[in-house]
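Chemist: The following comprises the amino acid sequence and a computationally predicted model.
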Amino acid sequence: MNILDVTYPSGKKKDYLKELFIHREESFDLQFGTVFLKKGTRIPEEGFTHHDQKKIVLLVDGKIKILLEENLSMDRYLHAGQLFIVDYFEGHGGIVIEDAKLVFVLFGKKNNEL
């Protein structure tokens, strides 16, 4: 058994993400961490991010406008206490409306082929 403190990075441009736990097996990877983003930040700075694993984001504090690559016209906002679930390779990004603290989990086989 391990007990870990949930801490957040400073939120500076190069220090916004902190991996707290990584577990790798031959057929399964799990990554758990925290993020702190300042109001006005665009993640990623341009375009959209895609992961070869499923992703769950829990917004602990703040507000983020979610951007979905396949549906740019739909405004979706993530509020404190809500989860955002992203499927394999689903293009997504965000604009931070209020300073935000979040917890993320990436899971599944890395380099997943659909």
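Modeler: The structure has been received and is ready for your questions.
Chemist: pLDDT score assigned to the residue lying closest to residue 2 once chain neighbours are set aside?
Modeler: Distances taken as CB to CB, 6 or more residues apart in numbering place residue 21 nearest to residue 2, at 7.9 Å, with adjacent residues excluded. All C-beta atoms are positioned from the backbone trio N, CA, C, and that covers glycine. Residue 21 is assigned 87 on the pLDDT scale.
Chemist: Beta-bridge partners for residue 21, please?
Modeler: In this entry, residue 21 is beta-bridged to residue 32, by DSSP bridges.
Chemist: Do a quick rundown of the strands in this protein.
Modeler: Shown for the chain, the strands assigned by DSSP state E span residues 17-24, 29-37, 42-43, 54-68, 76-79, 83-86, 92-108.
Chemist: so which of those strands gets nearest residue 1?
Modeler: Each of those was scored for nearness to residue 1 using CB to CB, and the closest is strand 17-24 (12.8 Å).
Chemist: among the strands of the chain, where is the model least confident on average?
Modeler: Among these, strand 17-24 scores lowest, with a mean of 88.
Chemist: how far does it sit from the chain's center?
Modeler: Here strand 17-24 is found 12 Å from its chain centre; the criterion is CA atoms, centre = their mean, to the nearest Å.
Chemist: Same question for stretch 53-60.
Modeler: 5 Å.
Chemist: mind exporting that stretch as PDB, just the C-alpha atoms?
Modeler: Coordinates of each C-alpha in stretch 53-60 appear next as PDB, following Å, rounded to 0.1, in the frame of the first residue of the first chain:
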ATOM      1  CA  GLN A  53      -5.200   6.200 -23.900                       C
ATOM      2  CA  LYS A  54      -8.500   7.100 -22.300                       C
ATOM      3  CA  LYS A  55      -8.500  10.100 -20.100                       C
ATOM      4  CA  ILE A  56     -10.500  11.200 -17.100                       C
ATOM      5  CA  VAL A  57     -10.200  14.800 -15.700                       C
ATOM      6  CA  LEU A  58     -11.700  15.900 -12.400                       C
ATOM      7  CA  LEU A  59     -11.900  19.600 -12.100                       C
ATOM      8  CA  VAL A  60     -11.200  20.300  -8.400                       C
END
